[in-house]
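Student: Sequence unavailable; structure follows:
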């Protein structure tokens, strides 16, 4: 194929995807954005243009509180997913064929079960009564009849979200780990780095793209989730997605529901952008940059 | 000569009899019952739970067989059903939509539903007049009562709504969401307790309910949306009391032996007529009206009442005595059981405020 024809071929190849996104994503987002500046009447959404929906989000303490809960739950879920997911990703990337496949099956298998069913499963595990699996187990270990009251708390939502979104962290992480040259780890080991140093100064910095990708997906999906907080969080762990549903379906206030949805999207993009900027080595303080090489001069010498 | 007034057979009467018998025998070959409906299809939006299951298993298959048609069933609650109608207003998918009486004024005023032609719903003649609603825009097929419910192993039934605020129920009350019809009743109860007015009058004083609702917060474990799940959770001891909830959701579990039952506080309980509406500009409206007629058939009414514990709206149904004592039926028992029917024109105008106030009070722990 002649090189000058390549852009046209690329354009044609991407056209179906672009058209799909235009129809299924960009158009609804434009409608949502414009609705958020309009007014709900008994006949539907209409003029005048107003900022009152956004002012209501800012002015009502409840919505600030819900935004804060949404951020907190998403952040905790992301950090836990990284903490739990990294060792699993290491096994997938470095564990040999048997353990690698086993770990992939364990991580991916829950994806074939509906989120609703999995979340109801968690409600049985965490139930605030003596027949809840966790309480039943703790009771048999001597912790009293009802040792925990986790249902309808933020903790329950974090646990449920972790279960649902863990694969989204593990898969990009394992891919990033697999791209790290094993010779680097061997060199670090040869030069005296113990396991923690290897993890902290070599693997984590080199897996930064995978960590960022996984964290971004887990954070975004958790912040926008609806089913898990609705079932496990109840009224005390309301998240933005639940408020959007409530305003649109129950209250029939599309403009305000749209404003809440816009805030949610901005929040997600904002946090992702901030995280990307913060983790970009150009913006990291000197002390955090190239930790591995600065703190391990012998290793720096061997790799250069 | 034979006496003209004798009651014996005459040649004419014999010939007439033979003619009628012949026509009757030949009828199936020249007339197919309900042939007009053959091959048509409608979508019906029903409620959830046991009642929906009865309709799925007992009503729809027989109706499809009798009319050679197809009926699709989707389950939902009133506000969600209305949301669907709004979305599909220009191109309706549903033909029949079940709505609580709360939703009828909203759906009618927005042009989502059409006036019913009662001449095409033969069984509507048997329905008590108060259940042909809003100028023939809806016809009720069942009446549920709404009341608090409790775990029979860990609590006593409430004799007054005031007991819901007692320390015995700290963190042990599961409250129904005001997004659903039955969730609006608790603010009315709170207004009644604050003002000392009966429930029928307290519904006009909801603005005075909110401080009392805030006092309930320590007792509220959560606000639930899935009523079937909540009833099961209370029966499993997750909480001691729940509600307010519809009898058709709670009683099926009570009669199956689950440790959960309704309470009947002295202040009275609420009534919720479950209505059928015809969607405006819907596909196959005649088939939709025939479906409504089938839902009002005495046999179906009896089956629905005995499986889902919601009172029939059709007169002359002989219910199982064990079921009959639980239901506001016949019509006169509505007053006997102090069943309060709310003025939804007033409540609906405050609905978004009720939801927002509830969020503000119960959306923050502590």
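Tutor: Thanks, I have the structure now. Just so you know, these numbers come straight off a predicted model, no measurement behind them.

Student: Tell me where chain B has strands.
Tutor: B:41-46, B:70-75, B:96-100, B:113-114, B:132-133, B:138-151, B:173-176, B:220-224, B:241-246, B:260-262, B:269-279, B:311-312, B:339-340 (DSSP state E).

Student: how about those, which one is nearest residue A:113?
Tutor: Closest of the strands of chain B to residue A:113 is strand B:70-75, at 21.8 Å (criterion: CB to CB). From N, CA and C alone the C-beta is placed, and that goes for glycine too.

Student: What are the buried residues along that closest one?
Tutor: Residues B:71, B:75 are the ones in strand B:70-75 that count as buried (16 or more other CB atoms under 10 Å in any protein chain shown).

Student: hmm, back to that, out of the strands of chain B, name the one with the poorest average pLDDT.
Tutor: Per-segment confidence across the strands of chain B bottoms out at strand B:339-340, which has a mean of 84 in mean pLDDT.

Student: other SSEs contacting that strand?
Tutor: Using 3 or more CB pairs under 8 Å, 6 or more residues apart in numbering or on different chains; DSSP states H and E as the contact test, the elements touching strand B:339-340 are strand B:269-279.

Student: Could you list the low-confidence segments of the chain?
Tutor: Using chain A. Applying pLDDT under 70 to the predicted model, the residue ranges of chain A that meet it are A:1-5, A:42-43, A:281-304.

Student: that's the wrong chain, I wanted chain B
Tutor: Across chain B (using pLDDT under 70), the flagged ranges come out as B:1-33, B:365-366.

Student: Residues of the stretch 1-150 of chain A that sit close to chain B?
Tutor: When proximity is defined by CB under 8 Å from any CB of the partner chain, the stretch 1-150 of chain A lies next to chain B at A:42-43, A:60-62, A:65-66, A:120, A:123, A:127-132, A:149.

Student: closest to chain B among those?
Tutor: In terms of CB to the nearest CB, no member of the residues of the stretch 1-150 of chain A next to chain B lies closer to chain B than residue A:129, at 3.9 Å.

Student: Which residues are in contact with that closest one?
Tutor: For residue A:129, the contact set (CB atoms under 8 Å, 6 or more residues apart in numbering or on different chains) comprises A:135, A:146, B:233, B:236-238.

Student: what do you get for residue B:199?
Tutor: Contacts here follow CB under 8 Å, 6+ apart; on that basis residue B:199 touches B:188-189, B:192, B:267-268, B:270, B:340.

Student: Now it: closest residue in space, sequence neighbours ignored.
Tutor: Closest residue to residue B:199 in three dimensions, ignoring its sequence neighbours and counting by CB to CB, 6 or more residues apart in numbering or on different chains: residue B:340, at 4.6 Å.

Student: Using the three-state scheme, assign residue A:148.
Tutor: Using DSSP: H, G, I helix; E, B strand; the rest coil, the secondary structure recorded for residue A:148 is coil.

Student: Tell me if stretch A:218-227 is near chain B.
Tutor: No: for a cut-off given as CB under 8 Å from any CB, stretch A:218-227 has no contacts with chain B; the smallest distance is 11.1 Å.

Student: Flag every buried residue along that stretch.
Tutor: For stretch A:218-227, the buried set under the neighbour-count rule, 16+ other CB under 10 Å, comprises A:218-225, A:227.

Student: mind listing the helices in the stretch 201-304 of chain A by residue range?
Tutor: Defined through DSSP state H, counting those that start in this stretch, the helices belonging to the stretch 201-304 of chain A, from first to last, are A:204-206, A:208-223, A:227-228, A:240-245, A:254-279, A:291-295, A:297-303.

Student: Identify all contacting residues around the second one.
Tutor: The reference is to helix A:208-223. Residues from elsewhere that reach helix A:208-223, judged by CB under 8 Å, 6+ apart: A:70-71, A:73-75, A:77-78, A:81-82, A:85, A:89, A:161, A:164-166, A:168-177, A:204, A:239-240, A:264, A:267-268, A:271-272, A:275-276, A:279.

Student: What's the ChimeraX line that selects buried ones from those residues?
Tutor: Typed into ChimeraX, the next command selects the buried ones out of those (criterion: 16+ other CB under 10 Å):
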select /A:70,71,73,74,75,77,78,81,82,85,89,161,164,165,166,168,169,170,171,172,173,174,175,176,177,239,240,264,267,268,271,272,275
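
Student: For residue B:353, give its distance to residue B:209.
Tutor: Counting by CB to CB, to the nearest Å, the gap between residue B:353 and residue B:209 amounts to 11 Å.

Student: State the distance from the residue nearest to residue A:95 when sequence neighbours are not counted to chain B.
Tutor: Spatial nearest neighbour of residue A:95, chain neighbours left out: residue A:103 (6.4 Å); criterion: CB to CB, 6+ apart. In this structure, residue A:103 and chain B are separated by 34 Å, where distance is defined by CB to the nearest CB, to the nearest Å.

Student: Surely residue A:103 and residue A:91 touch.
Tutor: Yes: A contact is recorded between residue A:103 and residue A:91 when judged using CB atoms under 8 Å, the distance being 4.5 Å.

Student: who touches both of the two?
Tutor: Taking CB under 8 Å, 6+ apart as the contact criterion, no residue touches both residue A:103 and residue A:91.

Student: Nearest to chain A within the stretch 151-300 of chain B, name that residue for me.
Tutor: When you check the stretch 151-300 of chain B against chain A by CB to the nearest CB, the closest residue turns out to be residue B:222, at 3.0 Å.

Student: so what's the closest residue to that residue other than its chain neighbours up against?
Tutor: With sequence-adjacent residues excluded and distances taken as CB to CB, 6+ apart, residue B:222 is closest to residue A:234, at 3.0 Å. By CB under 8 Å, 6+ apart, the residues touching residue A:234 are A:151-152, B:221-224.

Student: now residue A:234: how far from residue B:171?
Tutor: Relative to residue B:171, residue A:234 is positioned 12 Å away (criterion: CB to CB).

Student: does residue A:134 count as helix, strand or coil?
Tutor: helix.

Student: Check the spacing between it and residue A:126 real quick.
Tutor: Using CB to CB, one obtains 6 Å as the distance from residue A:134 to residue A:126.

Student: what does residue B:352 give?
Tutor: The value you get for residue B:352 to residue A:126, if CB to CB is used, is 32 Å.

Student: do residue B:182 as well
Tutor: Distance, residue B:182 to residue A:126, by CB to CB: 26 Å.

Student: How about the stretch 101-250 of chain A: which residue is closest to chain B?
Tutor: Among residues of the stretch 101-250 of chain A, the one nearest chain B by CB to the nearest CB turns out to be residue A:234. It sits 3.0 Å away.

Student: which one is residue A:135 nearest to, not counting chain neighbours?
Tutor: residue A:146 (5.3 Å).

Student: how about the one you found, phi and psi?
Tutor: Summarising the backbone geometry of residue A:146 under the convention degrees, to the nearest 10, its torsions are phi -130, psi 90.

Student: do residue B:197 as well
Tutor: Taking degrees, to the nearest 10, you get phi -80, psi 160 for the backbone angles of residue B:197.

Student: Spatially central residue for the chain, please.
Tutor: Reading this off chain A. Central residue check for chain A by CA atoms, centre = their mean: the C-alpha nearest the mean position is that of residue A:218, 1.5 Å away.

Student: that's the other chain; I wanted chain B
Tutor: Centrality entry for chain B: nearest residue to the mean C-alpha point is residue B:274, 2.4 Å, by CA atoms, centre = their mean.

Student: Please name the nearest non-neighbouring residue to that one.
Tutor: In space, not counting the residues next to it along the chain, residue B:274 is nearest to residue B:142; the distance is 4.4 Å by CB to CB, 6+ apart.

Student: and the one you found, what does it touch?
Tutor: Applying CB under 8 Å, 6+ apart, we find residue B:142 in contact with B:51, B:248, B:273-274, B:304-305, B:308, B:310-313.

Student: Adding distance to residue A:210, write those residues out as CSV.
Tutor: Rendered in CSV, the data for the contacts of residue B:142 read as follows (distance: CB to CB, whole Å):
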residue, distance to residue A:210
B:51, 51
B:248, 52
B:273, 58
B:274, 54
B:304, 57
B:305, 60
B:308, 53
B:310, 56
B:311, 61
B:312, 63
B:313, 63
